[in-house]
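Enquirer: Attaching a predicted model along with its sequence, questions to come.
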Amino acid sequence: MDFNAVSSLVAPQEENYANPSICFFHVLFKGGALAFYILAALFVDNFVIIFVITVLLAALDFWVVKNVSGRILVGLRWWNEINDDGESVWEFECLDQESLARMNKKDSWLFWWTLYIIAVAWIIFAVFSLIRLHADYLLVVGVCLSLSIANVVGFTKCRKDSKKQIQQFATQTIASRLSSTMQSAFSVV
């Protein structure tokens, strides 16, 4: 059995969570929204209560992920602005390369896996709502899925942008060192 292939799917075991309280809240609102949606559908007859509390928990999750856990657990931040021409512009921030290298691998693993798993769970609930023809519950799931997908798209684009920035920085650094080396070599002659 190839343990290297399996170990990439399992959380890193060599270190503990660096930010356990942030990890807790990162998972709390995600799990809270899903758990309330599932359990309330079984035990509560009032759709308005189910809608309001589930969407409130999903909105809290969106805010915590976007503004707190994304910054602390993976060193990424994103937002979307509308410029003067009315076009949507994505803005990304990331820590420098040294800080990103020091990020806790368990924190990062938890952040990315829960981000994607929750989106998949909401998609599954949307399919079930469609199959059962429950338009009202599809509305709840649609709002929660929209919030979840917004974070998935934002942080995925942010991660790709940060990798591109790191590559550009490395290329510029190598090019400037090469040119300074070439200048000093020719200035000696």
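Expert: The structure has been received and is ready for your questions.
Enquirer: drop to CA atoms for contacts and neighbour counts, all remaining ones
Expert: Will do.
Enquirer: dump the residue contacts of the most centrally placed residue in the chain.
Expert: Geometric centre of the chain, nearest residue: Phe155, 4.5 Å, by Cα atoms, centre = their mean. Going by Cα atoms under 8 Å, 6 or more residues apart in numbering, Phe155 touches 70, 76-78.
Enquirer: go on, Asn80?
Expert: Asn80 neighbours (Cα under 8 Å, 6+ apart): 88-91.
Enquirer: Out of these, which sit inside helices?
Expert: Judged by DSSP state H, helices contain none of the contacts of Asn80.
Enquirer: and those, which two are the farthest apart?
Expert: Ser88 and Glu91 (9.8 Å; Cα to Cα).
Enquirer: Of those two, which one has the most company?
Expert: Higher neighbour count among Ser88 and Glu91: Glu91, with 14 against 11, using other Cα atoms under 10 Å.
Enquirer: Just confirm the more buried one contacts Glu81, I think it does.
Expert: Yes: counting by Cα atoms under 8 Å, Glu91 does reach Glu81; the two are 7.4 Å apart.
Enquirer: Tell me the first helix or strand C-terminal of the helix or strand hosting Trp63.
Expert: Using DSSP states H and E, Trp63 sits within helix 47-64. Counting by DSSP H and E, the element after helix 47-64 in chain order, helix or strand, is helix 70-74.
Enquirer: so what secondary structure elements neighbour that next one?
Expert: The contact analysis (3 or more Cα pairs under 8 Å, 6 or more residues apart in numbering; DSSP states H and E) places helix 70-74 against helix 20-43, strand 76-82, helix 105-131.
Enquirer: Tabulate these (JSON lines), appending distance to Leu56 and mean pLDDT.
Expert: Shown next, in JSON lines, are the helices and strands packed on helix 70-74 (distance: least, Cα to Cα, whole Å; pLDDT from 0 to 100):
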{"stretch": "helix 20-43", "distance to Leu56": "8", "mean pLDDT": "88"}
{"stretch": "strand 76-82", "distance to Leu56": "20", "mean pLDDT": "83"}
{"stretch": "helix 105-131", "distance to Leu56": "15", "mean pLDDT": "90"}
